[in-house]
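> Can you look at this prediction? I've put the sequence above it.
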Amino acid sequence: MEQNNPMQGLYFAIMVCLLFSSSLFAQNSDLYSAKGEAIVCQDDKMTYIQTVEAARSKAIKNAVSNALGTRVSQITNITIEDGQTDFTVFGSTTIKGKWIATDEETIETTSYFDTQKQRPMIYVSCRIKGKVKEAPAEVMLLARTMRCPDLSCESVSFSDGDNIYLYFKSPVDGYLSVFFSEGNKIYRILPYPRNSSDNYVEVIADKEYIFFSDNYKHNYSLSMKPEKLKLSRNENELDSYKVQVVFSQNKYFKPLLEKDDRKSQKNLLPPQLSSSEFNKWMKKLCVDEVFQCVVIPISVD
């Protein structure tokens, strides 16, 4: 009978540790430090929060472009059109990488009175530092907020008590979830509250979806009963509202959610989590190369 050599066990343990450390180093070596800046002028059609988001989005793209460069083949950015105003939403880009985490951010606002236009001009600047990684081109997602369950009602401006609807279309199969940000609170609104244990909603390539409509044509699953979503203005949060559309070609797990079994009119209140926990969850998902998030700032008057 052969005797076990204790040195063999020690050697094996050392090799496992070395391989694990090498794996971690390889993962970390894919990340690059980056910094960028941008400035955006707030026009009549944009709220202050929307201007901040636009400045942040441009600063992120500037940072990733500075670190990794841009692609030769241009891809049209996802935009939200409201009247004559177009502002870029963080999602599809022309850069070679993706933003993984924010380490430092500075937002500054300056203003002066324009005597020719006879109105104050407000400029928002953003300086940002963080981590980026190389990634393939993202797919072109189409995500729009609407006042009615039809694209003709596309809007980012809503009134207190309005119903909000979401149009979504993807060129590839994938997995979708949607969150609503109200200041420091994040509500997961899709999958619907009655399906709060589900991780995501499966979507089929090139199929048009309209969510938060109770029309039978918009019931895409026997196990998922559509629920309307009514907006309520929170005076404490001013106009800091965002719809965040999370999509991946790979399956993923939902974040830890706090359930609220109370009902708002006929529907259950959506489960929620803090913005800090949401950001931690997003940071983990961002490592996946086929993960995307489209942020749509909206106003509720």
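Yes, it's here. Numbering: from 1, shown residues only.

> can you pull the pLDDT of Thr88?
Looking at Thr88, its pLDDT stands at 40.

> and what of Asn279?
Per the predicted model, pLDDT is 86 at Asn279.

> again with the one 4 residues further on
At Lys283 the predicted local confidence, pLDDT, stands at 80.

> which ones are touching the residue nearest to it when sequence neighbours are not counted?
Nearest residue to Lys283 in three dimensions, chain neighbours excluded: Ala101, at 5.2 Å (C-beta to C-beta, 6 or more residues apart in numbering). Backbone N, C-alpha and C define where each C-beta goes, glycine included. Applying C-beta atoms under 8 Å, 6 or more residues apart in numbering to Ala101 gives the contacts Gly130, Lys131, Lys283, Cys286.

> which one of those residues sits closest to Ala54?
Checking the contacts of Ala101 against Ala54 by C-beta to C-beta gives Gly130 as the nearest, at 17.7 Å.

> list the buried ones in the one helix or strand that closest one maps to?
Gly130 belongs to strand 119-134 when assigned by DSSP states H and E. Residues Ile122, Val124, Ser125, Cys126, Arg127, Ile128, Lys129, Gly130, Lys131, Val132, Lys133, Glu134 are the ones in strand 119-134 that count as buried (16 or more other C-beta atoms under 10 Å).

> so can I have TSV of the residues you listed showing pLDDT and distance to Pro191?
Formatted as TSV, those follow (pLDDT from 0 to 100; distance: C-beta to C-beta, whole Å):
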residue	pLDDT	distance to Pro191
Ile122	92	38
Val124	95	34
Ser125	95	38
Cys126	95	33
Arg127	95	37
Ile128	94	32
Lys129	94	35
Gly130	91	30
Lys131	88	30
Val132	87	30
Lys133	83	29
Glu134	81	32
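
> Show me the two of the residues you listed that sit farthest apart.
Ile122 and Glu134 (35.8 Å).

> And the next helix or strand after the strand holding Gly130, what does it pack against?
On the C-terminal side of strand 119-134, the closest following helix or strand by DSSP H and E is strand 142-146. In terms of contacts (3 or more C-beta pairs under 8 Å, 6 or more residues apart in numbering; DSSP states H and E), strand 142-146 is packed against strand 165-169, strand 291-300.

> Try it again at 10 Å.
Judged by 3 or more C-beta pairs under 10 Å, 6 or more residues apart in numbering; DSSP states H and E, strand 142-146 is in contact with strand 79-82, strand 157-158, strand 165-169, strand 209-211, strand 241-248, strand 291-300.

> will you turn these into JSON lines that also has distance to Met224 and mean pLDDT?
Shown next, in JSON lines, are those (distance: least, C-beta to C-beta, whole Å; pLDDT from 0 to 100):
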{"stretch": "strand 79-82", "distance to Met224": "26", "mean pLDDT": "41"}
{"stretch": "strand 157-158", "distance to Met224": "24", "mean pLDDT": "91"}
{"stretch": "strand 165-169", "distance to Met224": "14", "mean pLDDT": "96"}
{"stretch": "strand 209-211", "distance to Met224": "10", "mean pLDDT": "94"}
{"stretch": "strand 241-248", "distance to Met224": "17", "mean pLDDT": "93"}
{"stretch": "strand 291-300", "distance to Met224": "21", "mean pLDDT": "88"}
